[in-house]
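>>> Need a 3D model of the following:
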Amino acid sequence: MGRPLSKGTILAIVFGIIMLAVIIYETAGLGQFECEVCVEMDGRSKCITTKGEDEQQAMQTAKDNACSFVANGRAESFRCSQQPPISINCKRL
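Residues are numbered from 1 along each chain as shown. Predicted structure coming up:
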C-alpha cells in the first residue's frame, strides 16, 4: 500500500472541507429576494434585476445599478438616486 498521510495533510484536507462547507452554507442563505427595478432619467431608461438578503437591499442595489447606466457623472447619479423608480417587481425566492 501507499504511505500513510501526515498529520499536516489530514489537517489541510479537513480545513478545506470545512471552508467549502462554510462557503456553501453562506451562499445558500443569500438571495432570499429578487427585485427588478426600472429607472428613467432624461429619456434614458434601464431595468436591472438583483438578489439580496432582504427586499430593501435587493431594491436599493437594483436601483443603484440601473442609475449607473442612465446617469452621466456624480450629479446625475445623485439626482437619479433621489427619483422614484418607474417600476419595482420583487419576489421571495
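>>> In this structure C35 contacts N89, no?
Yes. Under the criterion of Cβ atoms under 8 Å, C35 lies in contact with N89, with a separation of 6.8 Å. C-beta: built from backbone N, CA, C; applies to glycine.
>>> which one of the two has more residues nearby?
The residue with more neighbours, out of C35 and N89 and counting by other Cβ atoms under 10 Å, is C35; that gives 23 against 14.
>>> Is the more buried one located within a helix, as I assumed?
No. Assessed with DSSP: H, G, I helix; E, B strand; the rest coil, C35 is strand; it does not lie in a helix.
>>> Reduced to three states, what does the closest residue to I13 other than its chain neighbours come out as?
In space, not counting the residues next to it along the chain, I13 is nearest to L5; the distance is 7.9 Å by Cβ to Cβ, 6 or more residues apart in numbering. The three-state assignment at L5 reads coil, by three-state DSSP.
>>> where does L5 land on pLDDT?
Turning to L5, the model gives it a pLDDT of 83.
>>> Measure how buried it is and give me the count.
With neighbours defined by other Cβ under 10 Å, the count for L5 comes to 11.
>>> and the helix or strand of the chain with the lowest mean pLDDT, how far from the chain's centre?
Every helix and strand in the chain was compared by mean pLDDT, DSSP states H and E; the lowest is helix 7-29, with a mean of 85. Per Cα atoms, centre = their mean, to the nearest Å, the displacement of helix 7-29 from the mean C-alpha position of its chain is 23 Å.
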